[in-house]
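Participant: need a structure here:
(chains A and B, ligands or ions: 2)
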Amino acid sequence: MTKNKKISSHRISSEDFDQLKDISGVNVYACYQCGNCSSACPAVEFMDIPPHQVIRMVQLGFIDELVKSETPWICAACITCTVKCPRGVDIARVMEGLRQLVLRSDFEHGNLCEIDEKLRKKLPQIALIANFRKTIL
Amino acid sequence: MQLSYYPGCTLKTNAKNFEKSALAVLKHLGVSVDELADWYCCGVCFSQTQDNLMQQIAPVRTLVKAKESGNQQLLALCAMCYNTLKRSIEFIKDDAEKLQTIHQFMDLETTQFYGNEVDVVDILTLIKQIGLEKLKKSIVKTEFGLKIASYYGCMLLRPKELAIDSADDPVIMEEILASAGCENVYFPFRTECCGSYQIVNEPDIVKDRAKKIVGSAIKNGADLMVMLCPLCYFNLDEVQKDIQKEDKSFQTIPVLYITQVLALLMGLKPDIHDFSLHSIDPRPVLKMKGLL
Ligand code: SF4
Ligand code: SF4
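Facilitator: Numbering: from 1, shown residues only, chains lettered A, B, ... in the order given. Ligands and ions are numbered 1, 2, ... in the order given. Presented below is the predicted three-dimensional model:
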């Protein structure tokens, strides 16, 4: 993310913002940036943008930056953030919405052939299907 | 008590020990379950999109089969299946428009489904329904001093609408194990995520989680860990070996499905367990404690 972005009304009414809202159904404006979600997230150390900042960036319309971020693909859909939010913001749904924004134009994220072969042979169905659900449209 | 049973994708393969021990335990407690004649993979992860009904079709088709079975309760052993089926019901029930669209996409299913006809139940809640007293009476092995760390993971507790117990401080597994005569080990990571499907693309996340979760159970004095999710199971059992390769000081702990422990305590035939499916062999500790 480049620094000192100007916030304009153009950003806030972007089409992607509306689409994200339709997909996720979440009112991100309820968030008051307490940071509970990020402190509870089990994968936050591996993310480039922590969950509370994701919500702030959605509020401000920085959708382009978010769809390029690694965060939605690091999220494990564990719903911990959602349960911990004192404002009832369903952060896990926003993460899903961001993944879907990408998948609905690119169809898949990452390459299935790149899964380490030794690991692939050991993996139970449950792991593969869950992964496909999140990385393929 | 008669109910239908939905196995899901992994209970017939990697998680055979879960299916076999759970069905044996229920039979011993006088509950008969009928596996659905026809079922489909639920998709594992519930789709959290508001606008895509396609991903609800798989769980709904299975729910239609459950309705056709005539039993009101549907047992889902796998925690992921439980979550997905339950959330799917929440998402479509009382929504005529969504239900109509989904039915239009289902060719083979003729039975109308409204969302409130099937009650999805997990095995812990079911055991409590059967009664902890009855469970206690069914136990034959006592005086063995087994210290167990119960790991809940995510899918039985989150989101709150379908939590089988408090999302922050659940006790249902500990209650069941205490009734069966075990000593419970509480450890801080018992409701934390194991990293889930990230084992496929980001195994380092799972390694990091497994190290913390397993390490915390060991530090608190557990002999073994029990759980109910085949994905948590893989991430916490199999991955321990990988962690140990990188870090020789890492201590391992056997991981079992909770029903395997109950079956052993009930004195049920040990050949229902295929111990070759365990990456960390639980036999030494089970023998030491007199359970094998
Ligand atoms: S927990 Fe909720 S209110 Fe707090 S920062 Fe996260 S989304 Fe915002
Ligand atoms: S759902 Fe995703 S963002 Fe939320 S706590 Fe879990 S891993 Fe973190």
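Participant: what residue ranges in chain A score low on pLDDT?
Facilitator: A:1-13 (pLDDT under 70).
Participant: quick one, longest helix in it?
Facilitator: Using DSSP state H to define each element, chain A has its longest helix at helix A:91-106.
Participant: That one near ligand 2 at all?
Facilitator: Yes. Applying C-beta under 6 Å from any ligand atom, one finds helix A:91-106 touching ligand 2 at A:I91, A:A92, A:M95. Glycine gets a C-beta too; all of them are placed from N, C-alpha and C.
Participant: With neighbour count added, can I get those in JSON lines?
Facilitator: Below are these laid out as JSON lines (neighbours: other C-beta atoms under 10 Å in any protein chain shown):
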{"residue": "A:I91", "neighbour count": "29"}
{"residue": "A:A92", "neighbour count": "26"}
{"residue": "A:M95", "neighbour count": "26"}
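Participant: ok, so of these, who is nearest B:I92?
Facilitator: A:A92 (19.3 Å; C-beta to C-beta).
Participant: From A:R99, how far out is that closest one?
Facilitator: Distance, A:A92 to A:R99, using C-beta to C-beta, to the nearest Å: 11 Å.
Participant: what does B:G221 give?
Facilitator: For B:G221, the distance to A:R99 (C-beta to C-beta) stands at 40 Å.
Participant: hmm, back to that, just the buried positions in the longest helix of chain A, please.
Facilitator: A:I91, A:A92, A:R93, A:V94, A:M95, A:E96, A:G97, A:L98, A:R99, A:Q100, A:L101, A:V102 (16 or more other C-beta atoms under 10 Å in any protein chain shown).
Participant: Please name every helix or strand in contact with it.
Facilitator: Judged by 3 or more C-beta pairs under 8 Å, 6 or more residues apart in numbering or on different chains; DSSP states H and E, helix A:91-106 is in contact with helix A:15-24, helix A:51-59, helix A:63-68, helix A:71-74, helix A:80-84, helix A:125-135.
Participant: wait, which of the ones you listed is closest to ligand 1?
Facilitator: Across those, ligand 1 has its closest neighbour in helix A:51-59 (3.7 Å, C-beta to the nearest ligand atom).
Participant: what residues does the closest one touch?
Facilitator: Helix A:51-59 is contacted from outside by A:17, A:20, A:28-29, A:31, A:33-38, A:41, A:44, A:49, A:63, A:65-66, A:69, A:71, A:75, A:81, A:89, A:91, A:94-95, A:98, using C-beta atoms under 8 Å, 6 or more residues apart in numbering or on different chains.
Participant: Can you pull up the most central residue in chain A?
Facilitator: For chain A, A:M95 is the residue whose C-alpha lies nearest the centre (C-alpha atoms, centre = their mean; 2.6 Å).
Participant: give me the number of residues near the spatially closest residue to that residue that is not a sequence neighbour?
Facilitator: Nearest in space to A:M95, with sequence neighbours left out and distances taken as C-beta to C-beta, 6 or more residues apart in numbering or on different chains, is A:C75 at 4.3 Å. Here the count is done by other C-beta atoms under 10 Å in any protein chain shown, and A:C75 has 27 residues near it.
Participant: before we move on, back to that, so for A:A92 and A:R99, which residues contact both of them?
Facilitator: Common neighbours of A:A92 and A:R99 (criterion: C-beta under 8 Å, 6+ apart): A:C75.
Participant: Where do the domain boundaries of chain A fall?
Facilitator: Taking automatic domain parsing as the criterion, chain A consists of the domains A:16-106, A:110-137.
Participant: Can you tell me which of those is packed in deepest?
Facilitator: Here the criterion is mean neighbour count by mean count of other C-beta atoms under 10 Å in any protein chain shown, and of the domains of chain A the winner is domain A:16-106, at a mean of 20.
Participant: quick one, what contacts B:E68?
Facilitator: Going by C-beta under 8 Å, 6+ apart, B:E68 touches B:T111.
Participant: before we move on, what about B:A163?
Facilitator: Shown in contact with B:A163 (C-beta under 8 Å, 6+ apart): B:L156, B:L157, B:P170.
Participant: which residue packs closest to residue 20, ignoring adjacent ones?
Facilitator: With no chain named, the answer covers chain A. Per C-beta to C-beta, 6+ apart, closest to A:L20 is A:G97, 4.7 Å.
Participant: that answer is for a different chain, and I need it for chain B
Facilitator: In space, B:K20 is closest to B:I272, 4.5 Å off (C-beta to C-beta, 6+ apart).
Participant: How confident was the prediction at that neighbour?
Facilitator: Note on B:I272: pLDDT of 97.
Participant: Can you give me the separation between it and B:I280?
Facilitator: Distance of B:I272 to B:I280, given as C-beta to C-beta: 19 Å.
Participant: likewise A:C75?
Facilitator: Taking C-beta to C-beta as the measure, A:C75 falls 28 Å from B:I280.
Participant: Could you tell me which residues of chain A lie near ligand 1?
Facilitator: For chain A, the contact set with ligand 1 under C-beta under 6 Å from any ligand atom comprises A:31-37, A:52, A:55, A:84-87, A:89, A:91.
Participant: all strands in chain B, in order from the N-terminus.
Facilitator: All strands of chain B, identified by DSSP state E, fall at B:2-6, B:32-35, B:73-76, B:119-121, B:147-150, B:183-185, B:224-227, B:255-257.
Participant: Mind putting those strands into CSV with distance to ligand 2?
Facilitator: Converted to CSV, the strands of chain B look like this (distance: least, C-beta to the nearest ligand atom, whole Å):
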stretch, distance to ligand 2
strand B:2-6, 25
strand B:32-35, 32
strand B:73-76, 21
strand B:119-121, 22
strand B:147-150, 21
strand B:183-185, 25
strand B:224-227, 18
strand B:255-257, 22
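Participant: Now that we have those, can you turn them into a markdown table and tack on mean pLDDT, distance to chain A and mean neighbour count?
Facilitator: Shown next, in a markdown table, are those (pLDDT from 0 to 100; distance: least, C-beta to the nearest C-beta, whole Å; neighbours: other C-beta atoms under 10 Å in any protein chain shown):
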| stretch | mean pLDDT | distance to chain A | mean neighbour count |
| --- | --- | --- | --- |
| strand B:2-6 | 96 | 14 | 21 |
| strand B:32-35 | 96 | 17 | 15 |
| strand B:73-76 | 98 | 13 | 24 |
| strand B:119-121 | 98 | 17 | 19 |
| strand B:147-150 | 97 | 18 | 23 |
| strand B:183-185 | 97 | 21 | 18 |
| strand B:224-227 | 98 | 13 | 24 |
| strand B:255-257 | 98 | 13 | 26 |
